[in-house]
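A.B. asks: no sequence for this one, just the structure:
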Ligand code: UGA
């Protein structure tokens, strides 16, 4: 199969290289010449474990290439994926679809022969219909099909998620398009991956419902963590106790400082807007959005309270800035809400993150960046863990204690055990675990 991937952001790049690794011929197209130049020179503009090697392997095998020339790429394409950004529109939370529509216009200009146009970007219900209208202006309806095929890739685990998905969702009722989509995903049949064919609108909604449900699960356990603190229970054990019930499941029940990233905050908002437009109440999703925003602010106050209120003259070592481990992505990261509030109370912030420092520099003011966890701790008055990178999970506690001028540790990801930390002489504070 010949595949064109429009957009070499996170989703486009990962999907493109994984299709190439399945044996398809893939051309990735981007408007940004600098990005294409970097990719052609073997550079990867984002941090994602395993991506660089997989790109190099498939470029060498001549199954993967990068260009700015959509017209040339489109020659003989069986499927063209739209994987451009759909950011939240400033101020109103609606998904901004201008990039999707612009890509559709261009695809319509260069399409030859029967082509499947696939929306991989997360797009609100009904977007496929709009894309179809754009293509229809230039082509007969039987010479193309617009299909929805949402991605379920987690940053940091995207390659595994693409190659070993729980399911693939394909929204189309066109038989020819179904055949092409089946052929594209055929390599997954070996793992017996379920491929769910639905209508296009249903498929578009599945994506938002999945992300909103996961955001709800996290927010639920975060609120239970607050209750645990108030009544003297342990949230990790509660999560285990409920997660063993197969109807609930154990994943996405880690309490923490609130969800962040480029997906959950944007997609919950966009789903709420879609519901408003349809005059349907999605009160749970709206509550989740509010609760998560409030949580990030409350986590700042948790740190401030644990350190006695006034932070004037105190230096706080922050470990972890990215919204989660294994990514350099800072979008809607809890650290962006927490750190400025600690600074407002007078704290000097010293921070270390294995990958996100460059990203963080443009978003946080007056932070002193360090090049390792122990350097970050040296002489600080407290340690705050915001992101649970593996390298923070087994710090040498004696070294930590010796480095800190006061043994105050606030662990917002529950990566240490309260009893062990107390035994090691720390004033240890975590989430939903009072002892
Ligand atoms: C999420 C979904 O998991 C993917 O399936 C989806 O494809 C992707 O959004 C998307 O729409 O593109 P991602 O944002 O990369 O993926 O990250 P997650 O691993 O889902 O984590 C999201 C946030 O929830 C992070 O801030 C994380 O720290 C937080 N989280 C996650 C918790 O606080 N507790 C948990 O138990 C799990």
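C.D. replies: Happy to help now that I have it. Note that the coordinates shown come from a computational prediction; the quantities given were computed from them, not determined experimentally.

A.B. asks: so what's the residue count around the residue lying closest to residue 163 once chain neighbours are set aside?
C.D. replies: Spatially, and ignoring its direct neighbours in sequence, residue 163 is nearest to residue 18 (6.0 Å; CB to CB, 6 or more residues apart in numbering). (Glycine included, C-beta is placed from N, CA and C.) By other CB atoms under 10 Å, 22 other residues sit near residue 18.

A.B. asks: how about the one 5 residues further on?
C.D. replies: Residue 23 has 13 neighbours, counted by other CB under 10 Å.

A.B. asks: pull the contacting residues for the residue nearest to residue 163.
C.D. replies: By CB atoms under 8 Å, 6 or more residues apart in numbering, the contact set of residue 18 is 54, 159, 162, 163.

A.B. asks: can I assume it sits in a strand?
C.D. replies: No - using DSSP: H, G, I helix; E, B strand; the rest coil, the secondary structure at residue 18 is helix, not a strand.

A.B. asks: grab the nearest non-local neighbour of residue 154.
C.D. replies: residue 161 (5.6 Å).

A.B. asks: now, of the contacts of residue 18, which are buried?
C.D. replies: Among these, those classed as buried by 16 or more other CB atoms under 10 Å are 54, 159, 162.

A.B. asks: and of the residues you listed, the nearest to residue 367?
C.D. replies: Residue 367 lies nearest to residue 159 out of the buried ones among the contacts of residue 18, by CB to CB, at 31.3 Å.

A.B. asks: pretty sure that closest one sits in a strand.
C.D. replies: No - according to three-state DSSP, residue 159 belongs to no strand; its state is helix.

A.B. asks: which ones are touching it?
C.D. replies: Applying CB under 8 Å, 6+ apart, one finds that residue 159 lies in contact with 14, 17, 18, 48, 49, 50, 51, 54.

A.B. asks: any idea of the pLDDT on it?
C.D. replies: What the model reports as pLDDT for residue 159 is 96.

A.B. asks: ok, it to residue 318 distance?
C.D. replies: Note on residue 159: its distance to residue 318, by CB to CB, to the nearest Å, is 29 Å.

A.B. asks: likewise residue 192?
C.D. replies: If you measure residue 192 against residue 318 using CB to CB, the figure is 44 Å.

A.B. asks: which one of the two has more residues nearby?
C.D. replies: The neighbour count for residue 192 versus residue 318, taken as other CB under 10 Å, is higher for residue 318 (30 against 6).

A.B. asks: that one: which element?
C.D. replies: Taking DSSP states H and E as the definition, residue 318 sits inside strand 315-319.

A.B. asks: run the chain-centre distance for that strand.
C.D. replies: The chain centroid and the centroid of strand 315-319 are separated by 25 Å under CA atoms, centre = their mean, to the nearest Å.

A.B. asks: for stretch 351-370, same thing?
C.D. replies: 19 Å.

A.B. asks: need the residues that contact that stretch.
C.D. replies: Contacts with stretch 351-370, where a contact means CB under 8 Å, 6+ apart, come from 47, 317-322, 326-330, 333, 335-336, 339-340, 343, 348-350, 371-373, 375-376, 387, 389, 391.

A.B. asks: which ones among those residues lie within strands?
C.D. replies: The strands, defined by DSSP state E, take in 317, 318, 319, 348, 349, 350 from the contacts of stretch 351-370.

A.B. asks: the third one contacts residue 376, correct?
C.D. replies: Translated: residue 319. Yes - with contacts counted by CB atoms under 8 Å, residue 319 reaches residue 376, the gap being 6.5 Å.

A.B. asks: where does residue 80 sit: helix, strand or coil?
C.D. replies: Under the three-state scheme (three-state DSSP), residue 80 adopts strand.

A.B. asks: who's it bridged to?
C.D. replies: residue 4, residue 117 (DSSP bridges).

A.B. asks: need the contact list for it.
C.D. replies: By CB under 8 Å, 6+ apart, the residues touching residue 80 are 3, 4, 6, 74, 107, 111, 115, 116, 117, 118.

A.B. asks: pLDDT value on the residue of the chain most remote from its centre, please?
C.D. replies: In the chain, counting by CA atoms, centre = their mean, residue 140 sits farthest out from the average C-alpha position, at 37.4 Å. Per-residue confidence at residue 140 stands at 93 (pLDDT).

A.B. asks: what does the one 4 residues further on give?
C.D. replies: The score at residue 144 is 97. That number is its pLDDT.

A.B. asks: what's it sitting at in phi/psi?
C.D. replies: Backbone torsions of residue 144, given as degrees, to the nearest 10, read phi -160, psi 170.

A.B. asks: number of nearby residues for it?
C.D. replies: For residue 144, the neighbour count with other CB under 10 Å is 25.

A.B. asks: now do residue 164
C.D. replies: A count of neighbours around residue 164, defined by other CB under 10 Å, yields 11.
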